[in-house]
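In: Curious how this folds, go ahead:
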Amino acid sequence: MTTSPGSPALRASDADRDRAIELLHAAIADGRLDQAEFDERLDAALTARTLDALTPLTTDLIGTHALASGARAVIPGAHALTSFPATPPAERLTIKEKHGVVRREGRWVLPHRLAVRTAWCDVLLDLTTAIQAAPELLIDLRVGGGNVQLLLAPGMTLDANDLSTRHSRLEINRNAEDATPETLHVRLAGKMRHGKITANWQRPRR
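Out: Numbers count the residues shown, from 1 in each chain. Below is the predicted model of the structure:
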């Protein structure tokens, strides 16, 4: 399809913005962007309304590096050569379970917001090798009974100030001497009743 000079710019979808953000995260992880460049481009990607606004944010990040690593690069709005990662991040992911076991581990794609709705369950959320979708992950808990275990990698921070607990225990076990630069801010919110939440930091398993 061709457009005339006076044609309106094509609007960007949520998926277009997500693909651009994924490429930015990959670029800062391997050193192609510094923190200031990443922050500036991330803000622009989150607020981009058109494909013309998104494209300049990633065009210099797509090329031999992405192809050599086996990742498929996607220019927002263009035909996909590949996708990075293969599963795009969701804005919200909901976990629902009663009287069971829930495990999320390995190279799973973190959503922007994770809703946990469980009753009398054992829940393991291993973030150590997860693929990050944004600088912050909000975990919204509505948990009645059971245990929730968080495994975090060095560089991840945890904020539980917005979490309400009753007849529950919260244990955060972190080495205060860890000086790893922050990579992900995890924020706990919601409510937990008659349960236990533990958070431990460990090096990702190779």
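In: from here on, contacts and neighbour counts on C-alpha atoms
Out: Fine.
In: Show me the helices in the protein, by range?
Out: Taking DSSP state H as the test, the helices found in the chain are 14-29, 35-47, 51-58, 64-68.
In: tell me the average confidence for the first one?
Out: Averaged across helix 14-29, the pLDDT comes to 81.
In: how much does that helix deviate in direction from helix 51-58?
Out: Angle of helix 14-29 versus helix 51-58, following axes from the mean of the first three to the mean of the last three C-alpha atoms, to 10 degrees, is 20 degrees.
In: Need the winner for burial among the helices of the chain.
Out: Most buried of these by mean neighbour count (mean count of other C-alpha atoms under 10 Å) is helix 14-29; its value is a mean of 21.
In: Give me the helices and strands touching it, please.
Out: helix 35-47, helix 51-58 (3 or more C-alpha pairs under 8 Å, 6 or more residues apart in numbering; DSSP states H and E).
In: can you pull up the bridge partners for L125?
Out: Beta-bridge pairing for L125 (DSSP bridges): R104, L150.
In: what about it, how many neighbours?
Out: 17 (other C-alpha atoms under 10 Å).
In: what's near enough to touch it?
Out: Contacts for L125 (C-alpha atoms under 8 Å, 6 or more residues apart in numbering) come out as 103-105, 148-151.
In: cool, D140 as well?
Out: The contact partners of D140, by C-alpha under 8 Å, 6+ apart, come to 113-116, 188-190.
In: Using TSV, lay out those residues together with pLDDT.
Out: Shown next, in TSV, are those (pLDDT from 0 to 100):
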residue	pLDDT
R113	91
L114	93
A115	92
V116	95
L188	95
A189	94
G190	93
